[in-house]
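1. Curious how this folds, go ahead:
(one chain, ligands or ions: 1)
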Amino acid sequence: MAEVVIVRDPAEGGEIAAELIARLVAAKPDAVLGLATGSTPLPIWKALAARNGTAAHSLDLGRVRGFALDEYIGLPPGHPESYRSVITREVVEPLGMNPALVRVPGDDGGPTEGAGERYERDIAAAGGVDLQVLGIGRTGHIGFNEPGSSLVSRTRVKTLTEQTRADNARFFDSPEQVPRHCLTQGLGTILDARHLLLLAFGEAKASAIAGAVEGPVSSSLPGSAIQLHPFVTVIVDSPAAAKLAYADYYRFAWDNRLDFER
Ligand code: PGA
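-> Numbering: from 1, shown residues only. Reported below is the predicted structural model:
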């Protein structure tokens, strides 16, 4: 099952996630990271940026390769809310990553049709994703795999739910500007990553987290696909953990982890 870490606040969650990424990159300087957008991962990027090139942590992400989970369809090139722009602004630049090594679905200049298959080939050619960062939507989506997504789906075009469009309207001038379609890694694509790192903060995510971690595995709650993966770390604050039946056990397990697990 997933290792569930219940943290004091998003900043602590970001530190723990950053430490996992830093250890991976120390062992494999050209590691392949699966990158997520949204508000949730921001504390990770902040914690990593603070370590970047400092004397205390000689973290160098310059050779790390990245594959974003998803991208809107239909925004003009260079739109500030395209995930290409968001990843460049929030991840690549502050972390000193090489933009040429970071990919977003559909960014290869080819047609949207077939873009998913091409992205899959490119991930495979990079040797697969070592660590995939994930947020979760209130619909239970990971990536933009909305309810009903096949548990073995691959990168493809999806239609966003109205809930997700409303949730993301805060990034746009008006709700109508939120695209209706996206390219997203599939649940099967995500499950191929060697380590899944799912974060969620705030009570609005409590139901999605309970369903993902403890609910039945079902395409109705796509995040529950993580239960099919052998190596998952879930980092949540107390409000997001509020509906977990086994929260006390997760706290006990974390507090009593063995030396080699620390
Ligand atoms: P958020 O989005 O991190 O902005 O809450 C998460 C998601 O929709 O996957």
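2. what are the ranges of the helices in the stretch 151-262 of the chain?
-> 162-168, 187-191, 206-214, 238-241, 247-255 (DSSP state H, counting those that start in this stretch).
3. three-state assignment of residue 124?
-> Judged by DSSP: H, G, I helix; E, B strand; the rest coil, the three-state class of residue 124 is helix.
4. Tell me the pLDDT of it.
-> Looking at residue 124, its pLDDT stands at 98.
5. buried ones in the lengthiest helix in the chain?
-> If you go by DSSP state H, the chain has its longest helix at helix 10-27. For helix 10-27, the neighbour count (16 or more other CB atoms under 10 Å) marks 10, 12-18, 20-22, 24-25 as buried. Every residue, glycine included, has its C-beta placed from N, CA and C.
6. Export those residues to a markdown table and append columns for pLDDT.
-> Below are the buried residues of helix 10-27 laid out as a markdown table (pLDDT from 0 to 100):
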| residue | pLDDT |
| --- | --- |
| 10 | 98 |
| 12 | 98 |
| 13 | 98 |
| 14 | 98 |
| 15 | 97 |
| 16 | 97 |
| 17 | 98 |
| 18 | 97 |
| 20 | 97 |
| 21 | 97 |
| 22 | 95 |
| 24 | 97 |
| 25 | 96 |
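7. The ligand next: which of those residues are close?
-> With the criterion set as CB under 6 Å from any ligand atom, no member of the buried residues of helix 10-27 is near the ligand.
8. Out of those residues, flag the one nearest to the ligand.
-> residue 10 (10.3 Å; CB to the nearest ligand atom).
9. thought that closest one was touching residue 238?
-> No: using CB atoms under 8 Å, residue 10 and residue 238 do not qualify as a contacting pair, with a distance of 11.4 Å.
10. Chain neighbours aside, what residue packs nearest to residue 243?
-> Using CB to CB, 6 or more residues apart in numbering and skipping the chain neighbours, the partner closest in space to residue 243 is residue 210 (3.8 Å).
11. Return the per-residue confidence for that neighbour.
-> Residue 210 is given a pLDDT of 98.
12. do the same with the one 3 residues further on
-> In this prediction, residue 213 carries a pLDDT score of 98.
13. And the one 3 residues further on, by the same measure?
-> Confidence per residue is given as pLDDT, and for residue 216 that number is 98.
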